[in-house]
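Engineer: Need a 3D model of the sequence below.
(chains A and B)
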There are 2 protein chains.
Amino acid sequence: MKYTHNNNELNHKHIGQTVYLKGWAAKVRNLGGLIFIDLRDRFGITQLVILPSNKNYDTALKIRNEYVIEAQGKVIERESKNLNMSTGEIEVEVSELVILNTAETPPISITNDTDALEDTRLKYRYLDLRRPVMQQFMMKRHHITQAIRSVLVQEGFYELETPILGKSTPEGARDFLVPSRLYPGQFYALPQSPQIYKQLFMVAGMEKYFQIARCFRDEDLRADRQLEFTQIDIEASFVDQNDVMSTVEKVLIHTFKEVLNVDVTPNFPKITYQESMEKYGNDKPDMRYEMLIQDYTDFFKRHEVPLFQGKSQVRGILCDQAATLTRKRLDALTELVKKNHGEALAFIKKQEGVYSGSIAKYLKDECLAKLNIQEGQMLFLVPGEFEKVSSGLSALRIELAQEFKMIPENTYKFVWVVDWPLLEYSEEEGRYYAKHHPFTAPVDPEVLKNDPKNAMAKAYDIVLNGYEIGGGSIRIHNQEVQKLMFDTLGLSKEDIETRFGFFVDALKYGTPPHGGLALGLDRVVMLMTNTTNIKDVVAFPKTQSARDTMMQAPSAVDDLQLKELEIKVGR
Amino acid sequence: MKYTHNNNELNHKHIGQTVYLKGWAAKVRNLGGLIFIDLRDRFGITQLVILPSNKNYDTALKIRNEYVIEAQGKVIERESKNLNMSTGEIEVEVSELVILNTAETPPISITNDTDALEDTRLKYRYLDLRRPVMQQFMMKRHHITQAIRSVLVQEGFYELETPILGKSTPEGARDFLVPSRLYPGQFYALPQSPQIYKQLFMVAGMEKYFQIARCFRDEDLRADRQLEFTQIDIEASFVDQNDVMSTVEKVLIHTFKEVLNVDVTPNFPKITYQESMEKYGNDKPDMRYEMLIQDYTDFFKRHEVPLFQGKSQVRGILCDQAATLTRKRLDALTELVKKNHGEALAFIKKQEGVYSGSIAKYLKDECLAKLNIQEGQMLFLVPGEFEKVSSGLSALRIELAQEFKMIPENTYKFVWVVDWPLLEYSEEEGRYYAKHHPFTAPVDPEVLKNDPKNAMAKAYDIVLNGYEIGGGSIRIHNQEVQKLMFDTLGLSKEDIETRFGFFVDALKYGTPPHGGLALGLDRVVMLMTNTTNIKDVVAFPKTQSARDTMMQAPSAVDDLQLKELEIKVGR
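Structural biologist: Residues are numbered from 1 along each chain as shown, chains lettered A, B, ... in the order given. Coordinates of the predicted model:
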C-alpha cells in the first residue's frame, strides 16, 4: 500500500517528512481561507491543512464530513498544539489531495457521544460502528479473543470445529430448527452448545480441545442475551477439577494483563454454592464489596416480632449510611425485595444514638444493642424460606451497593463457585432436573443412586464482579453412571435410546476421564470494556425483539422456497 | 496434571527416570508371562512392560485393546530396539498401574489402515477420529488455522464475528432457512458467505477484517463439498488488487513453511481467465505439469478432415507415451470427453515412425509431419465450440496426466487467475448473471454501461494444483455503479429496494474503496494433508446424502416444537 502512516502515528519526530495518509474527514473547518480537516482512521486523527494557494484548494472546498480522502503532504509543527491527542503537536500541510468517495450527511453523528436512539443505531449499524468508541469495542474484542486463544494453543489445546447443523434434542426446547430439503419433514437444529461434540472429541482421543464456538438459544432476549452468542469452549482428558480451573485461570490472567494491563493473582478464591447463597443470596457473588447477608433467625426466635412469627428464617444485611434513606426510597426497596420473591422487608436504623424503623418498637434497647447496628447504619431484614429470602436480599444488596457507591471502579474480583448440587427437584413436575446438564459427573455415584436429592456435582462456575462468565464440570465417563443419571432424570429406556443412544454407546469404547468449561466471550468482553450492554460488543446484534432491523431479518420468503422444503406456514 | 510425559517423548536420555504416563492400550501382548502394552496418546506410543512379579500383574492381565490406563514406572533400555519410532529405544517397566476405563471391542480397528466402509466410519466417527492418521488430520487443521491467523493478525487485520442468523436473499436459492418463533411465517437464513457483512465492516471503517467463518449452502453434495464449510474471509479498505493478492501470498507462504516446511516463492504466477481456458480448458489450471492445449483450427482449415468440417474450432493435446493406449482405453477416453461436453475425440499417433489413428488416413505424411508428433506420442483432437472443446480437453488432460504419472508428488504450484469477465449471459433466461457476485467492481463502469458483454471484473482466483482454493475481488464502493450493476442484472427498482436497499444506502455515507478474498479452509487443509476426501479433514462431516449418521440428523421433531414455530410439514 502506498500510504505511509496511520492517523495516530505522526509527532514532532516526523516534522519535515513527506507523508501519504488516508481516511475519513471527521471535521472540516474553513478559517480565513485556511481549510483544516481532521482526518480519521481506525487508529486516530491527524490534522490536515490546505492553503488557499494549493492547486487542490477547490477539491478541499468540496469536502464535507465523512468524505473519504487521501492526501500527500509535509509534516509541520502546529501553531496551537493539542496535547490531548497523540498527533497534537503536528499537522500535515497538504500538497496532493484526492476525494475517494463522497458522503451524504449521516443519520447519526460519527462521534463517541451520541443521542441517537438504539433503534436508529442498530438500523444504521454500519455508521454506529464507525464511531470511535464502537471501533474500540470491536478492537478490544479482537484482542481479547487473540489473548485467550494464545494461552490455549500454548497449553497444547487443538482448535477444532464442530457442526452448526446438528440434531435437535427435545430436552432443550429452545432449539432453532432448520428444515431439511432432502428429507422433508425432518430438521437439523442449531447447537445450544457443542457439549456432546466436545465430549466425543475426548472419546476420540483428542485430549485437549477448544473452540470459539457460536451457540444458539431461542429465548426471549434480555439486555445481556442474544439469540446467538459466542463461547470459548474448552475440554480436556485425564484432568480433574483443579486442572481445568488452573487452565482457565491462566487464560484469564494472561488476557487481563495483555489487554487491560491488569494484574490478577492466581488461585482465585473459591466459595461453595451453599455459602454463596447464604452470604450473597445468589450463585454469582460480587466480591468487590462486603455487606454480606447475616442470619438473624436465632435472634428473632428469642425476640418476638409479629412480622417474623412462624417464619423459618430471618436474614438481613447491615448497610452503612442507609439510615438517611427516605420513606419513599424504602418503599421502593421493599418493592424490589418483593419483586424478587422476598415476603417482606423490615428495617431498624440508628441515628443520633436512637433506634427506629419498622420493627424497632417491638424490641427493647438492650436487645437492639445486641444487633451491633452502628450510628448511621440500617439493618434490613427479610423473613421466610431460604431461597426466597436469599433472592430478595441478593437484589437488595446489589441495589444498596450501587446506591451508596460501594463498588470500586476498574476492579476485577474473580471467584470460583464450587460444590454444586447435582440435581434440582421440580415439585410441580415431580421429577429431577440436572442443575448443570445431564453429563456432569456426581462426586459419588452411590449417593446419586441412593439419595439423589443430596448428590453433589463435580461442577464449578467462574464469576467475575457478580457475573457468571463461565461454567463447567468434570463429565461422566462411565457408561453405567451415565445411564443411572438419565434414569434419575426420569428418562425412559426408549428416550435414552432415541436421544442419547449413540452417546451412551460411545462411552463404552474406552472413554478417558474428562472435563471442561465454557466461557461466555460476549460477557467477558462486556466486562472488560466496562459496558453494561452486550450489544455494544457484538458487531451486528439483534434488537431486544430478536430482529435485525438493518437487514430486515427474519423476513418472509418465496413460496417456492417453502415448497422445496415441503413446509407450510400456519398452525 | 500429575503425568510427566507424552507418549512420543521418552528416549535413551530418560533411562533411569521415573515417569507417569496415560493413554489407551493400542496393543497388548503376553510373551511368556511378560505383558507388553503399547500405550498410545495423541502424540505417539510408548511401550510398557509388566513383570509377573508386579503387584498389579492381575490388573495388567485384564487390559484389552482401547482400555484407558495410567502407569508409573522406570524408563529402561529396550532389548530389541525399534528405530522406526521415536520411543523405540526404551520401554517403561511399570510399578503402578490403574485402569481408568474399560473398552468393548470397537467396531472399527484403531489403526491407520482400515477396511471399514465410510458409512461405518461416519457412524462411529468418535472411534474413526481416534485412528492416528485422522488425529494427524485434525492436528494439521489446527496448525494450519493458527498459521493463517497469525499472519493476518500480524498484518493488522481484526478478527470479527458476523451473524449466523441472517436474512434470506432469494438470489441465493440455496439458503438454509430458520423459522422464527417470535415472527411466525418469517425466517432467518444461514449465510452462504459473510459477503455483505464484511463490506459493511469496511463502510464502518474497520479497514482490515478477517474471520474464520462458517458458511452454509444447501446444495447436493460432492466428494469435495459439505453443507457447511469454513472459509478464511478477508476484507480490507484502501487496497487494490495487488495489495489483496500480496496479503494472501504472505498467508500461504507462511502457512506452507510453518506446517509443511515447504518453501513457496512469492509473486505467484498470474494467468488470465482467457489464457487459462485456452491452454488448460478450465479456470483452475493445474500447473504441475505441461501438456497444454493447442489450437489446430487453422491447420485443419487447410487440411480437410470430414469429422472437423464446419466446426468453429479444433484444439488438442499432444501426449507422451500415449501411442500405446489400447482401443478399449481410447473408447473410455472418448466417453470421458463426451461426458464433458466434447463433441468427439480424434487421434493421430506415431509408432515406429508410422502415423496412424482415427483421422490419420485423411492426411498425407508431409502434412502429418507439420503436426510435430514425436515417436510414441498421441495427438488428441476435439472439434466444436470453444467452451465445449475446452471442457472436454480439460477432463482429458487431467485423466492423461494421472494415467501417465506426470504429476510430481509433494509439489505445490500456485497460480492467480485474473482478468475475469464481469458477467455471464444466460441465453435461456435472456439475462446476465454476475460471474462472481453482484458486488464485484468492473474494471471500467463505462463498459458495463455501454457494452456489458465485454465488461471485465477486478476479480482474482487463487488456484493450487488444479483446485480453486480461494476467490476475491475489488468491490463496488460507488452507489451509482452498484445501482448500474443491479440494473444490468435485470433487478427491478423494487427488487433492489427490498433485497439490497439498506446496502445501497450504506454506500452513500462515505464508503472507502475496498476488496478482499475468501480462502476455502477445508480445501486448503485437504491439499496440505494429501487427501482427496474433504471428509477426512472435517471432524464431524455429513454423509454424501447430507446426513449425520452418528447423531441421526436431520430428524423428526416434536409436534409441539412445530406448533410453537407455527409451521406445518407437507406440500
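Engineer: all strands of the stretch 201-350 of chain A, in order?
Structural biologist: With strands called from DSSP state E, counting those that start in this stretch, the stretch 201-350 of chain A shows them at A:208-216, A:228-237, A:270-272, A:294-295, A:313-319, A:346-351.
Engineer: so where's chain A shaky on pLDDT?
Structural biologist: Confidence mapping of chain A against pLDDT under 70 gives the ranges A:1, A:170-173, A:223-224.
Engineer: Now the helix ranked longest in it: buried residues?
Structural biologist: Longest helix of chain A, by residue count under DSSP state H: helix A:132-154. For helix A:132-154, the neighbour count (16 or more other C-beta atoms under 10 Å in any protein chain shown) marks A:132, A:134-135, A:137-153 as buried. Bear in mind the C-beta positions are built from the backbone N, C-alpha and C, glycine included.
Engineer: Near chain B, list only the ones from the residues you listed.
Structural biologist: A:Gln135, A:Met138, A:Met139, A:Arg141, A:His142, A:Thr145, A:Gln146, A:Val153 (C-beta under 8 Å from any C-beta of the partner chain).
Engineer: Where does the stretch 351-500 of chain A get nearest to chain B, residue-wise?
Structural biologist: A:His477 (6.0 Å; C-beta to the nearest C-beta).
Engineer: Now do the domain split for chain A, please.
Structural biologist: Following automatic domain parsing, chain A resolves into domains at A:12-101, A:135-262+A:413-537, A:289-403.
Engineer: what comes into contact with the helix or strand hosting A:Tyr20?
Structural biologist: Per DSSP states H and E, A:Tyr20 falls inside strand A:18-31. Residues from elsewhere that reach strand A:18-31 (C-beta atoms under 8 Å, 6 or more residues apart in numbering or on different chains): A:2-5, A:7, A:10, A:35-41, A:45-46, A:48, A:61, A:63-75, A:92, A:95, A:100, A:103, A:110, A:130, B:205, B:238, B:510, B:512.
Engineer: Quick check on these: which are buried?
Structural biologist: A:3, A:5, A:7, A:10, A:35, A:37-41, A:45-46, A:48, A:63, A:65-73, A:75, A:92, A:100, A:103, A:110, A:130, B:205, B:238, B:510, B:512.
Engineer: Please narrow the residues you listed to those residing in strands.
Structural biologist: The strands, defined by DSSP state E, take in A:35, A:37-40, A:45-46, A:48, A:68-73, A:75, A:92, A:100 from these.
Engineer: give me the number of residues near the residue nearest to the residue of the stretch 351-500 of chain A closest to chain B when sequence neighbours are not counted?
Structural biologist: Leaving out its chain neighbours, the residue that sits closest to A:His477 by C-beta to C-beta, 6 or more residues apart in numbering or on different chains is A:Thr511, at 4.6 Å. By other C-beta atoms under 10 Å in any protein chain shown, 28 other residues sit near A:Thr511.
Engineer: is it true that A:Thr511 touches B:Glu104?
Structural biologist: No - look at A:Thr511 against B:Glu104 with C-beta atoms under 8 Å: they stay out of range, at 11.2 Å.
Engineer: In contact with the closest residue to A:Gln561 other than its chain neighbours, which residues?
Structural biologist: Spatial nearest neighbour of A:Gln561, chain neighbours left out: B:Leu177 (6.7 Å); criterion: C-beta to C-beta, 6+ apart. B:Leu177 is in contact with A:Val178, A:Pro179, A:Val557, A:Gln561, A:Leu565, B:Ser168, B:Phe187, B:Tyr188, B:Ala189, B:Leu190, counting by C-beta under 8 Å, 6+ apart.
Engineer: what about the third one, how many neighbours?
Structural biologist: Per other C-beta under 10 Å, the neighbour tally for A:Val557 reads 22.
Engineer: same check, this time on the first one
Structural biologist: Neighbourhood size, A:Val178 [other C-beta under 10 Å]: 29.
Engineer: so it makes contact with A:Ala189?
Structural biologist: Yes - with contacts counted by C-beta under 8 Å, A:Val178 reaches A:Ala189, the gap being 7.0 Å.
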